[in-house]
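*Asks:* no sequence on this one, just coordinates:
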């Protein structure tokens, strides 16, 4: 039977969901789970719970624990990655240092200073894992759940590992759309593509009829608009509905969180609707709760119906030959023809008995591609920094972040990044012994003697005209 | 002998320079010039001057005037484009309307609201000309001088016309570098590539020795830095020297003109060094002077030595077989491998007896490519707007302008663009009868009844965790 | 309800099958069929039969006849192409003229002189149709059944028409494989890709187990090998099973029909197993039968179960949103990454409520790609000839045909092509008034005076060495 | 001063020419030459000669000898490769075994069985050298002269080594063309591109006038045609003159050497004009002469004027900044847009102080590209065999050779390749312990019991029609 390694099994709730999904799938009842986390702080709770489930349901499955990721992945058929590097402490730096410098993040795990540093912490761990997989389980499929999805996927795309990044954003956005247009989700034919957290619904059809005119109409009404001001504005101005919610989306684009006026207009909902540090606050709260012991102790042992997570469906498709369609994150490689070939794109894919199959979406509408590209710009430089260990590229990545660049100068950005790099150095081995070049203000004395050079090029051109005109 | 059509011969000074260059070239003395402008306001001055030069130097050349561009291009070997659409009046709208809305441009002819609208005005004229050339002079080479270079080149790249966009920015920047490092220009081996007005000096060598360490050192000193604060900052933070001067560069990137603090720090030099509307003021001044009559009346008739403009050297190369190397603007098509294939890129080319030859530069350093891409994003959408006549794409283009997006909200951008479109409608036939969709503020009543939809996606995920943790 | 235009409705049996398939599909009972053929020689039989079927089964469908293809395609949702240009008379020239010149074809409709001329006859008709569709039914999907599939698809790929070329070769080959390895067809997971009539089974799995070792073993045994000597040889030497049967495959590759020895060894089965002109003989026989009257007169009116043809399943998928997986022929465009982007490739696709979706197969094994490329070479030149009307490209296409080039000299090929072009001129309007340049033998007189040129390059090099060695 | 390593310094005459060229170049007089060959059989003659030249001309150059290629390349600025693996003994197998099997080669070093095995012997040595260069001289430029050029270049293109493959074929062909059209070589403007030994003169101009009409006229006359029957035929039938001479070209294409009739018609000139084994015979003769001692002993010590070899001009361009234009062989990478990106293509390049620059040629005429692709097919599979050590790919490579496939069956090809692999095993370490799978004839007993399978696909289709027609 299939062997599934879960790397980052300390993500208790997510890990529980995926395992239950798999055990509830006909054809996968005999799966072997190898649970791996670097510490055994929480994983025994998961192992013990899964054992109780297996016994209670009389399944031929197996589960075991390890802190050795090589042991976990050896000969695995599937590797599920759900780890997080730096925990709440790393996240604190991701949120609080930028805030001090004027960058106000709501979620902070995808782009911007928070997303970039989360990637810098995670990519080295992911690359080590990839090397182990290339050696010990070269045919394994990696189901990748670690954020920031697009940067992690970009890094994985430079290896020979067979992977797909998975997110439920398309499904949950479709739930919303279904509500907004009053059509059952199952009856909506859709085509969605772009990058993770910025995917575009290119087609929304009901029995062949375009749902967009109705959706557009609705988003001019307060009762709909209030629910998602930022996504609503992007929809109104760029013409397509996309996969990210208001509080989070506000961070990837330059228009909504750059000053107090914008925040008041568009980001005034509480919590994930736009509040400063909403995700950090929530994580801090959960971390406290988890500290208290085995939160799975009293969970029911009966198998619930399968969740919307794609994981178990993909494994089912490959193991049983049943075709399954979903949106996955992979090295673009021609899937979306107006995004770079090497970036990590999100688009429609199929899984069946012969593996995973990307489809060719073609060109996105140009304005959608351009918005994606503002994010891909940052992703490329962050991945470059993570893989080469050149700290200058961290500065470049953050300097191109649409929100950060709307708020700070280059010098201020460099200082913020320098402070973050120092604060998070324990999780950033690739930058050990390196530092960001300081760029102090060059003070100009009143009586500065200017270098003798030909007249400034722009002036030179015009001087020719000017002389004549005199 | 070769026939050269000059479309936009009302650009008196530039036209005079190019013609003198050609007449001063051995092998091109017998060139026939067809001077075309839609009016005969100023062109008779040019024709008359050229006739005097021909006679005074006893050359076998010919010159004649027309207002019919089809007559001008028929069977031409070379077509030189130097026209401007909308004149000082169009430029006034390009500068003053954005300023009113908070966008402070120094030059305003390349990107941003000013550059976008200049492209919208010029592209229809250029496309009509291209169609005439395809029909009447299919083998002609177009030497394209109209700004915004990159957008015009992008549009031309969709036709079958053989063209190259020419600018002296690489040469004049090299003059400066020569001064900064105290090495004669002729002794510097260089490789420069990117997009027009944002080309990167990838190599700067003197007898095989890298000149960059010295140049970097110099730019930490006030006497050098003061000369180009913005270019200096971009150099310090991104590592490469580029082809645009401070006042102009400040407009294409988000960090230097977005608020008063930034303006004071980086754009405090007078005129083209950073002042608001510097180029507009200059053009207004020149227009006044030109109005007074034939400014060429007293120009000397002896042929001066050839200018640095590439035009006459390219024609010489093709006509005489002498190899000439220069930086040209063309449909990228694989020249710079990490910029889009369809954009207009600027890179090293060669002209010889068999025509023009692009070279393959390969990848730019990622941070340089990313900066170029922030501009290419805008260019693509502006060209899309100009070619399709969809006014929404004008909004998209300006909304992605790095400077504009750092200052305004989407709603404010849309209002600014709407006002510009109305003010310039006489030069924008492709948008006749179309208007930009209004997006009024959606006011939320205090007691708004929210659409019933599933819980927000981001919240939904976390709710699963939260319940457990309680 | 959906409107389906069938262009070439004189293909009685095929037309009948497709219509019955559609009428037998839940959700498509109300389809409107427009039957078009340039003459009404046979189509009334089809119309009358379909009317009887509709009535007998009490369906809301409609059917009508026209000789005007513009009327047929106007506002059509689907256009099915099944026409043939030149009929048995054209086919006679395709087979008999090459035979006279030494090229012995068994089927003669896909590559080689027969396939090239079939394409030259069909492409002009297809391009006219495509223009009508672009104008009158721009959203229609074309289900293309005309051979030669790859060349027709290549030509269509230069238009804006949405099309897919359909063939049952993958399905029928899978039937054979199923028999060869004793595994039910439905249980085989497979991945097949390449070009039409030369698709490669890249994966053949049964419950995750590779079926290739068994298939290889079997093809060393006479009882299996005898069934398909040519396909068997290609399988043994190149390692992959493909979608073409022996008699036909023998024509696309150089090794099996070039001389009598090869024919005796590999092409000694009767009929489609390798006999000379097998398909032509069969068509001649059928044409005679058809001439006798309404062969549909006594056909049963009850709807049979659906055939294996993909057509009705694709329409069902789009109209009802049910996902359907199949192998289609489309402009490659990145589907198979080591075949040219502009060729017509055959690979796995999906149809659903949002349309057709190509998947990305990646690289074929290099030897498979290389074999495909020998055919693509010919296709490209034949399509170039058909679209430009340059008869020299016909010579180029046939000169590169693997079988023809193994048998004839360039001069002989040119003479054969010249004779075919004359014989088929009535169906080749694009070459009207043009002729193939003659290349008579250049006779060398005994006392020829050789042009004085430097010593032959190869000799020149070595002469330098030789002199020393002396 | 620059350090030049010559790997394969036993190629006495070629080595002498390159060194004299460099020493005769202003700016390169102080070059240091490291001469490397695995034995010191002949290299001391070269070293001693060069020392005498240095002394006689009072140059600041240095020369020394080594058998250690790592010592030779360490910190080299240029590495020149001129080695040959297997010597006359390997060449004997390349020529005589194919001849026995019916493949009659004239030169036998570029494609076909001889070219493939020459590549198999050379690529491992080249890849070891490349690894040393990556480690010890990462900035070195490799000037590659080893044949088969295209396959060696393809293999080098998979490394990080900066290289260019050099051949004089373009120059020497231009000498011929100059003679054929009576225009001095220096006055011909040309554009030539394709692959090594099959480059196409795309433009031939004299003062802007196309020289092709005259050249075409001449090749219908016996006095011109007789000089190059095969190149003449390819020119007459495909429309472009190319860079390979008759005897050699006859081997790469299927039409001229496949049987006695073709040989008599087109390959009846002596020696390199078409004779069997002409190059082998010449090499055997030279090898005998060389065995007699120091053939350089009496060479004059004065520096002759520079030869037409590109080597010294490229080094001069890089060291002194003087632009030099030539045709080089490099990883295609977009240079010729209708040839594969990863193949080794030959096209116009420029060298200057910043290095080498490929130009973008665009698409070749389709018939020229197709001819190149028939060779590239073989090259790809041969390189794949050499790099992976999979002996099946040798069979695939030779099976696709246009000449071989026109003469032999797959079984015969496999037997020939098997014999060659055994005979040359001492120079083919990558295939040690591996052998080519035998494919004995599958004898069909008279009473063979055929596997029960559905009717053959092609038959199945038609049976449906046939039944009706009965």
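*Replies:* Good, I have the coordinates. In this text, all values refer to a predicted model and were calculated from it rather than measured experimentally.
*Asks:* Doesn't residue A:265 belong to a strand?
*Replies:* No - secondary structure assignment (DSSP: H, G, I helix; E, B strand; the rest coil) places residue A:265 in helix, not in a strand.
*Asks:* Just give the number of residues close to it.
*Replies:* A count of neighbours around residue A:265, defined by other Cβ atoms under 10 Å in any protein chain shown, yields 16. Any C-beta I mention is one placed from the backbone N, CA and C, and that applies to glycine too.
*Asks:* Can you find the residue of the stretch 351-470 of chain A that comes nearest to chain D?
*Replies:* residue A:388 (15.3 Å; Cβ to the nearest Cβ).
*Asks:* how far out from the middle of the chain is stretch A:287-301?
*Replies:* 27 Å (Cα atoms, centre = their mean, to the nearest Å).
*Asks:* swap that for stretch A:350-358, please
*Replies:* Taking mean C-alpha positions (Cα atoms, centre = their mean), stretch A:350-358 and its chain are 23 Å apart.
*Asks:* Now do the end-to-end distance for it.
*Replies:* Criterion Cα to Cα, to the nearest Å; first-to-last residue distance in stretch A:350-358 is 7 Å.
*Asks:* If we go by neighbour counts, what in it is buried?
*Replies:* Buried residues in stretch A:350-358, counted by 16 or more other Cβ atoms under 10 Å in any protein chain shown: A:350, A:351, A:352, A:353, A:354, A:355, A:356, A:357, A:358.
*Asks:* rewinding a little: what's the spacing between the residue of the stretch 351-470 of chain A closest to chain D and chain B?
*Replies:* Taken as Cβ to the nearest Cβ, to the nearest Å, the spacing of residue A:388 relative to chain B amounts to 10 Å.
*Asks:* Now do that residue against residue D:282, distance only.
*Replies:* 52 Å (Cβ to Cβ, to the nearest Å).
*Asks:* Please say which of those two ends up with more neighbours.
*Replies:* Under the criterion of other Cβ under 10 Å, the comparison of residue A:388 against residue D:282 puts residue D:282 first, with 19 against 12.
*Asks:* Does whichever strand or helix holds that one reach chain C?
*Replies:* Using DSSP states H and E, the element containing residue D:282 is helix D:278-290. Yes - Helix D:278-290 comes into contact with chain C when judged by Cβ under 8 Å from any Cβ of the partner chain, the residues involved being D:279, D:282, D:285, D:286, D:289, D:290.
*Asks:* list the helices and strands that helix packs on?
*Replies:* Helix D:278-290 is packed against helix C:457-469, helix D:87-101, with contacts defined by 3 or more Cβ pairs under 8 Å, 6 or more residues apart in numbering or on different chains; DSSP states H and E.
*Asks:* buried ones in the last one?
*Replies:* The neighbour-count criterion (16+ other Cβ under 10 Å) identifies D:90, D:91, D:92, D:93, D:94, D:95, D:96, D:97, D:98, D:99, D:101 as the buried residues of helix D:87-101.
*Asks:* how close does the closest residue to chain D within the stretch 201-350 of chain A get to residue A:380?
*Replies:* Using Cβ to the nearest Cβ, the point where the stretch 201-350 of chain A gets nearest to chain D is residue A:341, with a distance of 11.9 Å. Residue A:341 sits 12 Å away from residue A:380, going by Cβ to Cβ.
*Asks:* Compare neighbour counts for these two and give me the winner.
*Replies:* Residue environment comparison for residue A:341 versus residue A:380 gives the larger neighbour count to residue A:380, 26 against 15, counting by other Cβ under 10 Å.
*Asks:* Distance check, that one against residue D:325.
*Replies:* In this structure, residue A:380 and residue D:325 are 35 Å apart, going by Cβ to Cβ.
*Asks:* quick one: the strand or helix carrying residue A:175 near chain B?
*Replies:* If you go by DSSP H and E, residue A:175 is part of helix A:169-181. Yes - Helix A:169-181 lies in contact with chain B when judged by Cβ under 8 Å from any Cβ; the contacting residues are A:169, A:172, A:173, A:175, A:176, A:179, A:180.
*Asks:* That helix close to chain C?
*Replies:* No - using Cβ under 8 Å from any Cβ, helix A:169-181 stays clear of chain C, with a minimum separation of 13.2 Å.
*Asks:* cool, stretch A:66-76 as well?
*Replies:* No - applying Cβ under 8 Å from any Cβ, one finds stretch A:66-76 out of contact with chain C, separated by at least 14.4 Å.
*Asks:* tell me the mean pLDDT over that stretch?
*Replies:* Averaging pLDDT along stretch A:66-76 gives 98.
*Asks:* Which residues does it contact?
*Replies:* If you take Cβ atoms under 8 Å, 6 or more residues apart in numbering or on different chains as the criterion, stretch A:66-76 is touched by A:3-7, A:34-40, A:79, A:128-129, A:132-133, A:136-137, A:140.
*Asks:* Let's see which of the residues you listed end up in strands.
*Replies:* The strands, defined by DSSP state E, take in A:3, A:4, A:5, A:6, A:7, A:34, A:35, A:36, A:79 from the contacts of stretch A:66-76.
*Asks:* out of those residues, which one sits closest to chain D?
*Replies:* The nearest member of these to chain D, counting by Cβ to the nearest Cβ, is residue A:79 at 27.3 Å.
*Asks:* give me the low-pLDDT residue ranges for chain A?
*Replies:* Counting by pLDDT under 70, chain A shows low-confidence ranges at A:455-470.
*Asks:* Quick check: of the residues of helix A:169-181 next to chain B, which lies closest to chain C?
*Replies:* Of all those, the one sitting nearest chain C is residue A:173; the distance, using Cβ to the nearest Cβ, is 16.1 Å.
*Asks:* just to revisit the earlier point, quick one: buried ones out of the contacts of stretch A:66-76?
*Replies:* The neighbour-count test (16+ other Cβ under 10 Å) marks A:3-7, A:34-37, A:79, A:129, A:132-133, A:136-137, A:140 as buried among the contacts of stretch A:66-76.
*Asks:* which bits of the stretch 251-400 of chain A sit near chain C?
*Replies:* Residues of the stretch 251-400 of chain A found near chain C (Cβ under 8 Å from any Cβ) are A:319, A:321, A:323, A:325, A:333-335, A:337, A:348, A:350, A:352-355, A:357-360.
*Asks:* Could you tell me which of those belong to strands?
*Replies:* Among those, the ones falling in strands (DSSP E) are A:325, A:348, A:350, A:352, A:355, A:357, A:358.
*Asks:* and those as JSON lines, adding distance to residue C:437?
*Replies:* Output for those, formatted as JSON lines (distance: Cβ to Cβ, whole Å):
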{"residue": "A:325", "distance to residue C:437": "54"}
{"residue": "A:348", "distance to residue C:437": "51"}
{"residue": "A:350", "distance to residue C:437": "51"}
{"residue": "A:352", "distance to residue C:437": "53"}
{"residue": "A:355", "distance to residue C:437": "51"}
{"residue": "A:357", "distance to residue C:437": "48"}
{"residue": "A:358", "distance to residue C:437": "47"}
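*Asks:* Quick check: the two most widely separated of those?
*Replies:* Spatial extent of those (Cβ to Cβ) is set by the pair A:348 and A:355 at 15.5 Å.
*Asks:* Now residue A:420: which helix or strand?
*Replies:* Counting by DSSP H and E, residue A:420 is found in helix A:410-423.
*Asks:* What residues of that helix count as buried?
*Replies:* When neighbours are counted by 16+ other Cβ under 10 Å, the buried residues of helix A:410-423 are found to be A:410-421, A:423.
*Asks:* which ones are touching the closest residue to residue A:394 other than its chain neighbours?
*Replies:* Taking Cβ to Cβ, 6 or more residues apart in numbering or on different chains, and ignoring the residues beside it in sequence, residue A:394 has residue A:385 as its nearest neighbour in space, at 4.6 Å. Each residue near residue A:385 by Cβ under 8 Å, 6+ apart is listed here: A:116, A:120, A:391, A:392, A:393, A:394, A:396, A:397.
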